[in-house]
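J.: Here is my input; please provide its structure:
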Amino acid sequence: MELGTKERRVLVIGMDESSHSFYALEWTLDHFFPSPETSPFKLVIVYARPTPSSVLGFAQNGSPGIVNLVEADLKKTTARIVDKAKAMCNAKSVDDVKVDISEGNPRNIICDAVEKHHASILVVGSHGYGTLKRAVLGSVSDYCAHHAHCSVLIVKKPKGKH
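T.: Residues are numbered from 1 along each chain as shown. A predicted model of the protein is given here:
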């Protein structure tokens, strides 16, 4: 490292296909990268792609044709999410963005990415589930808040922006 230069810290943002995730990305870009060239952070976008078996559930023993269709759809969804996230970053002149796509449970993928990239901060969106829904479905943001080895910021979308 040259004298006078400082290694930028890593900010990881966990994404999914929800509007809550894209709001969290927009919020992050506005608050952590108002002037990208002077931001103290490098941005890593993490997307935990579902596995075909998690989408198919008990029907996973179906025909290979169905599995191939689901796999193709997951690839298209992944590309759509990544392209939209990169476009949002480019629109804010945040061009130095790393995208990390892994297949599996979002909770584990995001927490593993924090370790892998040595993140200083993790940003995740909140779906705003109530107590019962959160208990049944689980909350990725809640899990990350308790298990990620860095500071965690949970961005809630204002009620009027749904």
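
J.: so which helix or strand takes in residue 111?
T.: Taking DSSP states H and E as the definition, residue 111 sits inside helix 106-116.

J.: Export only the CA atoms of that helix, formatted as PDB.
T.: This file holds the C-alpha atoms of helix 106-116, laid out as PDB (Å, rounded to 0.1, in the frame of the first residue of the first chain):
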ATOM      1  CA  PRO A 106     -29.700 -16.600   2.600                       C
ATOM      2  CA  ARG A 107     -28.900 -16.400   6.300                       C
ATOM      3  CA  ASN A 108     -25.800 -18.500   6.000                       C
ATOM      4  CA  ILE A 109     -24.700 -17.100   2.600                       C
ATOM      5  CA  ILE A 110     -24.900 -13.500   3.900                       C
ATOM      6  CA  CYS A 111     -23.100 -14.300   7.200                       C
ATOM      7  CA  ASP A 112     -20.400 -16.300   5.300                       C
ATOM      8  CA  ALA A 113     -19.900 -13.400   2.900                       C
ATOM      9  CA  VAL A 114     -19.300 -11.000   5.800                       C
ATOM     10  CA  GLU A 115     -16.400 -13.300   6.900                       C
ATOM     11  CA  LYS A 116     -15.200 -14.000   3.400                       C
END
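
J.: Please list the residues outside the longest strand along the chain that contact it.
T.: Taking DSSP state E as the criterion, the chain has its longest strand at strand 41-49. Strand 41-49 has contacts (C-beta atoms under 8 Å, 6 or more residues apart in numbering) with 8-16, 25, 28, 32-33, 74, 77-78, 81-82, 85, 89, 94, 96-106, 108-110, 113, 117, 119-121. Bear in mind the C-beta positions are built from the backbone N, C-alpha and C, glycine included.

J.: Might you list the low-confidence residue ranges for the protein?
T.: Applying pLDDT under 70 to the chain flags residues 1-6, 58-62, 128-138, 161-162.

J.: what about the strands in it?
T.: All strands of the chain, identified by DSSP E, fall at 9-15, 41-49, 97-103, 121-126, 151-156.

J.: The fourth one vs helix 106-116, what angle?
T.: By that I understand strand 121-126. Put simply, strand 121-126 runs at 160 degrees to helix 106-116, going by axes from the mean of the first three to the mean of the last three C-alpha atoms, to 10 degrees.
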